[in-house]
Structures are given as structure tokens and as C-alpha cells.
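Enquirer: Give the three-dimensional model of this entry:
(2 chains)
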Amino acid sequence: MSALTQNVLWRGTARVMGLVGIRGRTLVIAVPMLWLLLFFLVPFVVLGRISLAEPMIARPPYSPLWERGPDGSLQIIASLENYRFLLSDALYRNAYLSSIRIAVVSTVFALLIGYPIAYFIARSPEPRRSVLLLMVILPFWTSFLLRVYAWMGFLRREGVINNTLVGLGVIDEPLVLMQTDLAVYIGIVYTYLPFMILPLYANLVKLDSALLEAAGDLGASPMVTFFTVTLPLSLPGIVAGSMLVFIPAIGEYVIPALLGGPDTLMIGRVLWDEFFSSRDWPVASAVAIVMLFLVVAPIMWLQSVQNRRALD
Amino acid sequence: MARGWFLPLAVTLGLAFLYAPILSLVVFSFNESRLVTVWGGFSTRWYGELLEDAQILGSAWISLKVAFFSACLATIIGTLGAFVLVRFHRFWGRMLLVAMLTAPLVMPEVITGLSLLLMFVASETFLNSHPLTSGLFPGRGVVTIVIAHTTFCAAFVAVIAQSRLRDMDQSLEEAARDLGAGPVRVFFDITLPVIAPALVSGWLLAFTLSLDDLVIASFVSGPGASTLPMVIFSKVRLGVSPDVNALATIMIAIVAVAVIAAGLLMRRSARQRTS
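Expert: Here you go, the predicted structure:
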């Protein structure tokens, strides 16, 4: 395009927008705003409304929002029945609690495994550091589903671990590893370990080694130096990494579905089954709304507190 | 700081933990036996079967299409959102936009998927209830998956674009404006080229996220439009199957080649900049 045609094009666009009476600024704001209103906010309104409906054998399988009464008056159909059901059935309460437990335990293990790795990478000399970082990130770029699937081959009764241990004579009978909570912990730690290592690394690499030398000169053993200097200074990295593991873990569906047993309760899985197996859309919606308030809202609040602290 | 044996050992074990399962996938993809974990001799028969599996090939094509369109749309919407938040400080609904651009990052996939599906179903019912608009709804499938993926990927693009927009030297834009360029022209001639590398990485991230998603696609998809993760999940759910190993190996090879090529390119451009 020549400079002239380009110029004409820009002026022309500006003129047309001026004629329609839209200021460019408004238009630029409107595009992302409208998209997100329509496809992010409105769906939640629909979700809330269906959580108040009754399940019905129909298409779609829930009661309409209003009905014409016999005298022609509009009657709004909404009840808190689904929420009452969630409260009365221990399954849902247990699923929430067990999701939190599984997410917390996995986050702690990811931290215990990820911290030494991040520390080692941060203290490595340059060419080795980049290679190690790349090696940590690389698995993240391969399919999440296939990485979970890889563990199925590892943990099965005739899987790699059992075959090796039996072959070496360490155990006589294969261990039951698949379809246990342990398998779910392994799956979550494995999947989200890079999310823990990267923020920790970013934090630890900024650590001034003069501080460590000073502590050593003042007579602190490496152990003491670690717990009084390195660990407190790396707290922001620990918090950031833990959030990045905890958040996806708590709503996880795929990992408990593939590696967990029938009694591995996680709220994401309960919601999925409620929707796809029981086909109870209103109860699934109520589960989602409760999850929104009990899980997502506290996380968003925590993050905003953290951001404000980072700005101060 | 290389003191003692603890750290090197921890790193070696950690990397083994990360790579051993992937390596075993690759090794057993060349296994003759159907029993995935018993070695029955070298063979490439699962690759042959994979290439004749019309369902897998078809769903791979759908996934690539969905990922391409979602990544493009998410880059546009995410960049616009980031631009608005970084450059316009006061406008109606700013807090709402901030919330809507950050919430998808922490939203469990099951909630995003379910709420979007319910919205699609409700709007389909609504549109079909009036004779004028009936048939306007495109039907659930590729279009609805693209919309869903665009929405959650846009948030990730916005994070990357926002940090680049904050870091860039704004005097370039001011200089262009002083020389008489209108705001639209300044955006396309100055801002866009400067933030282009961030947009490329945002696009790549969105493409990967879309290609990888199982949960949201399962909710919003309709009959006849299964993405590759949906097909793999339905196969894998029944147990380990050797053709999935072959598929995994192919995908790992593609990713490894792409990442190494990108690394070499970046190293070369870094060297050119310093010399």
C-alpha cells in the first residue's frame, strides 16, 4: 500500500465513524466489553436462573421461568429447592471438603518438590540454567490429557511401576496404585509442577547472594541462613506458585476422572456427573453457583489483596 | 552454591518425575503387543492404524480449526481489552471490564463450560420460539466451541498484552501524534508493531490452550463436532490403548521440534542484537 492510499484509508475510517456519531474511543471499549458481557457475564445470569428451576423431562430439561396461570396472569417459577437439596445431601458437602483437602495436599507436595528444583536452577551458571528452565517448561507444552494418560500406563496393575518392582523382587503382589487418592495427588503435582517452579525461580533468581554471604560471615550455618534469609525473602514466590497450583487443582475434573477411584470425590467431578450422567441441569447449576461463592470468590479476593500489597 | 548432594539429587529426581511417564509413552508406542506395558517387539503398526483412523484424523482437523479461529479472535479481543485498561483510565464500567478480564483466569473449567452451554441452550430456545428469528442459531458445534475458547483465552492474551503495553515507551506514540497522526493510525503504525512479539506469544498460548481443552469443549459442543481431546478422552477412559501412545508420540515430537526451533531462533536474534 502506498502512503497516499494508507492516508486516505485512515481518514476515511475516521470520517465514517464520525458520521455515525461513534467516537473511536467508545468503539474500542465496546468490542471487548460487549463480547465479555455476552459470553461471560450473561452465562452466569442464566446459570443462576436455572439453579432456581425444577428439573423436567423436556427440551431443555428445566422448568420455564414463568408460566401463564389459568386466569392469564404471569407466574414466576423459582425455588431454592436445589440448594436445600445440596445442603441435605452429605455427598456435596463431602465433595467440597475433599476438593479442598486434595488441592491443599497437592499444593504442599508441589511446593516441597518444586522448591529445591527452582533453587538449584536459580543458582546454576548461565548455559545450564536456560537448559534446565527449558526442560521444566517443555512438558507443559505437550497435551495435558496425554500427560495424565501417561500416568495410567505407569500406575496400572500391570503398569511400569508394578512390573519393575515385581521384577526386582521388591514386592510379591502388585500394589494398588490406580484409582486411589494417591494417584490423584501424583497427577495434580505432575501436571502443575511447572506452575510452581516458574514463579519460585523468578523470585529466587533475584535473591542477592551478598545477603547469603553476609549471613555466612556472621556465623550462620547454611541451614540457618536458608530458614532466616532465603525462605522469608522467597515468600512472594511461594504464594504465587501455590496459587497457580491450588486454583486449577480445586476445580479439576480430568485427573480424578482418569486416575481417581469411584470414591475420590471432587466437586468438579460431581458437577460433571450431575450434568452428563444424571442430566439434572438445575442441580448442576446450583453446584456451580455454590462453587462460585465458596471457591472462586475467596480466590479472587485473595488475589486482589495480594495485588494491592504488591503495589504498595 | 553447589554444596552437598541434596540439591543435585532433588533436581535429578524431579526431572525424572517429569520425563519418565512421557518417555514410557514414546517407548510403548513402538510396542508390537496390544498389552501396552508388556514389550512384544518393535513395531510401527499403531502408527499405521492411527493414520487410518478417520475419527481421530477428523477430530484433529476440527481441533486445529477451532484453535486457529479461537486464537485469532482471542488475540483481537484480549489486545483491545488490555489496550483499553492500560491507556484509558476513566470510563464507565472499567471495574467491570477488569473483573471480566481476570475472572476467567481463576474460573474452574466446569463452571465456564456449564454456564456457556446453558446460555447457548437458552438463546437457542429463545430464538426458535419466534418465527422471525427461528433457525438463526448456528447450532452447537465448532461455532460455540470457538466462542467459548475465545472468551477464556482472551483473558490470557490480555495478561501478556497488558504487561507489554505498560512497559513500552509511550513517547513514541506521543511523537507520532505530535506529527499529526490520528489515534487509529498511531495504534496501527506505532503501538501494534511495538507490542507484536507479545501478541505472537499470546496467540501461541491461546492456540495451545484451545487445542488442549477438554472440559469446556465437552460442555458446549454438540453432536457431530468432537475435538481431538474429546475423542482421546473417550478412548482413554476405557483403559490404555496403544494407538493413543502413537498419537502422543507424534504430538510430543511436533512440540519438541517447535520449541527447539523457537529456542534456536531466539538465541540467534539475541546474538544479532548484541553483536
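Enquirer: Where does chain A get nearest to chain B, residue-wise?
Expert: Taking C-beta to the nearest C-beta as the measure, chain A has residue A:251 as its residue closest to chain B, at 2.4 Å. All C-beta spots, glycine's among them, are computed from the backbone N, C-alpha and C.
Enquirer: got any ranges where the stretch 151-275 of chain B has weak pLDDT?
Expert: B:273-275 (pLDDT under 70).
Enquirer: What residues does it have near chain A?
Expert: By the rule C-beta under 8 Å from any C-beta of the partner chain, the part of the stretch 151-275 of chain B lying against chain A is B:151, B:154, B:182-185, B:208, B:211-212, B:214-215, B:218-219, B:229, B:232-233, B:236-237, B:239-240, B:244-245, B:247-248, B:251-252, B:255-256, B:258-259, B:263.
Enquirer: List buried residues within these.
Expert: Among these, those scoring as buried are B:151, B:154, B:183-185, B:208, B:211-212, B:214-215, B:218-219, B:229, B:232-233, B:236, B:240, B:244-245, B:247-248, B:251-252, B:255 (criterion: 16 or more other C-beta atoms under 10 Å in any protein chain shown).
Enquirer: got the residues of the stretch 201-312 of chain A near chain B?
Expert: So the stretch 201-312 of chain A meets chain B at A:209, A:212, A:222, A:247-248, A:250-251, A:253-254, A:257-258, A:268, A:271-272, A:275-276, A:281, A:284-285, A:288, A:291-292, A:295-296, A:299-300, A:303 (C-beta under 8 Å from any C-beta).
Enquirer: My read is that residue A:279 contacts residue A:60, right?
Expert: No: under the criterion of C-beta atoms under 8 Å, residue A:279 makes no contact with residue A:60, lying 10.5 Å away.
Enquirer: which of the two has more neighbours?
Expert: Counting neighbours by other C-beta atoms under 10 Å in any protein chain shown for residue A:279 and for residue A:60 shows that residue A:60 has the greater number, 15 against 12.
Enquirer: show me the residues around the closest residue in space to residue B:139 that isn't next to it in sequence that make contact.
Expert: Spatial nearest neighbour of residue B:139, excluding adjacent residues (C-beta to C-beta, 6 or more residues apart in numbering or on different chains): residue B:222 at 6.1 Å. Residue B:222 is in contact with B:139-141, B:144, counting by C-beta atoms under 8 Å, 6 or more residues apart in numbering or on different chains.
Enquirer: ok, now residue B:153?
Expert: Counting by C-beta under 8 Å, 6+ apart, residue B:153 has contacts B:70-71, B:74, B:78, B:205-206, B:209-210.
Enquirer: distance of it from residue A:40?
Expert: Residue B:153 sits 12 Å away from residue A:40, taking C-beta to C-beta, to the nearest Å as the criterion.
Enquirer: and what of residue B:94?
Expert: Distance, residue B:94 to residue A:40, by C-beta to C-beta: 16 Å.
Enquirer: quick one, which of the two is more surrounded?
Expert: Neighbours were tallied for residue B:94 and for residue A:40 using other C-beta under 10 Å; the higher tally belongs to residue A:40 (23 against 15).
Enquirer: Would you agree that one is in contact with residue B:102?
Expert: No: at 11.0 Å, residue A:40 does not count as touching residue B:102 under the criterion of C-beta under 8 Å.
Enquirer: Would you map out the domains in the chain?
Expert: If you meant another chain, say so; for now it's chain A. Here the domain parsing of chain A from automatic domain parsing is A:25-79, A:81-311.
Enquirer: I was after chain B.
Expert: Taking automatic domain parsing as the criterion, chain B consists of the domains B:58-239, B:241-275.
Enquirer: Would you format those as TSV with distance to residue A:262 included?
Expert: Listed next are these as TSV, based on distance: least, C-beta to C-beta, whole Å:
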stretch	distance to residue A:262
domain B:58-239	13
domain B:241-275	21
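Enquirer: Deepest in the core, which of those is it.
Expert: domain B:58-239 (a mean of 19; mean count of other C-beta atoms under 10 Å in any protein chain shown).
Enquirer: distance between the ends of it?
Expert: Using C-alpha to C-alpha, to the nearest Å, the end-to-end distance of domain B:58-239 comes out at 22 Å.
Enquirer: what's residue A:28 in contact with, if anything?
Expert: Residue A:28 makes contacts with B:80, B:83-84, B:88, as judged by C-beta under 8 Å, 6+ apart.
Enquirer: and which of those residues is nearest residue A:190?
Expert: residue B:80 (36.4 Å; C-beta to C-beta).
Enquirer: Please verify my assumption that the closest one contacts residue A:34.
Expert: No: if you go by C-beta under 8 Å, residue B:80 and residue A:34 don't touch, sitting 10.8 Å apart.
Enquirer: and for these two, which residues touch both?
Expert: Residues touching both residue B:80 and residue A:34 by C-beta under 8 Å, 6+ apart: none at all.
Enquirer: What sits closest to the residue nearest to the spatial centre of chain A if chain neighbours are left out?
Expert: Closest to where the C-alpha atoms of chain A average out (C-alpha atoms, centre = their mean) is residue A:248, at 1.6 Å. In space, not counting the residues next to it along the chain, residue A:248 is nearest to residue A:192; the distance is 6.3 Å by C-beta to C-beta, 6+ apart.
Enquirer: check contacts around that neighbour.
Expert: Listed by C-beta under 8 Å, 6+ apart, the contact set of residue A:192 reads A:106, A:110, A:244-245, A:248-249.
Enquirer: which parts of the helix or strand hosting residue A:191 are buried?
Expert: Secondary structure assignment for residue A:191, by DSSP states H and E: helix A:181-204. Buried residues in helix A:181-204, counted by 16+ other C-beta under 10 Å: A:181-201, A:203-204.
Enquirer: Grab the nearest non-local neighbour of the residue in chain B that chain A sits nearest to.
Expert: Proximity of chain B to chain A (C-beta to the nearest C-beta) peaks at residue B:108, 2.4 Å away. Distances taken as C-beta to C-beta, 6+ apart place residue A:251 nearest to residue B:108, at 2.4 Å, with adjacent residues excluded.
Enquirer: Also residue B:214?
Expert: Excluding the flanking residues, the one nearest residue B:214 by C-beta to C-beta, 6+ apart is residue B:229, at 4.0 Å.
Enquirer: Could you check which helix or strand contains the one you found?
Expert: Using DSSP H and E, the element containing residue B:229 is helix B:228-236.
Enquirer: So residue A:194 versus residue A:93, what's the distance?
Expert: Using C-beta to C-beta, one gets 33 Å for the distance from residue A:194 to residue A:93.
Enquirer: what do you get for residue A:138?
Expert: For residue A:138, the distance to residue A:93 (C-beta to C-beta) stands at 40 Å.
Enquirer: which residue packs closest to residue 236, ignoring adjacent ones?
Expert: Let's take chain A. Nearest non-adjacent residue to residue A:236, counting by C-beta to C-beta, 6+ apart: residue A:203, 5.9 Å away.
Enquirer: wait, I meant chain B there
Expert: The shortest distance from residue B:236 to any non-neighbouring residue, by C-beta to C-beta, 6+ apart, is to residue A:149 (5.0 Å).
Enquirer: how about the one you found, what does it touch?
Expert: Residues in contact with residue A:149 (C-beta under 8 Å, 6+ apart) are A:258, B:25, B:232, B:236, B:240, B:244, B:248.
Enquirer: Rebuild these as TSV, extending it with distance to residue B:4 and secondary structure.
Expert: Shown next, in TSV, are these (distance: C-beta to C-beta, whole Å; DSSP: H, G, I helix; E, B strand; the rest coil):
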residue	distance to residue B:4	secondary structure
A:258	38	helix
B:25	34	helix
B:232	43	helix
B:236	42	helix
B:240	40	coil
B:244	42	helix
B:248	37	helix
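Enquirer: pretty sure residue B:74 contacts residue B:148?
Expert: No: using C-beta under 8 Å, residue B:74 makes no contact with residue B:148, being 10.8 Å away.
Enquirer: Might you report the residue contacts of residue B:140?
Expert: Applying C-beta under 8 Å, 6+ apart to residue B:140 gives the contacts B:117, B:120, B:124, B:220-223, B:225.
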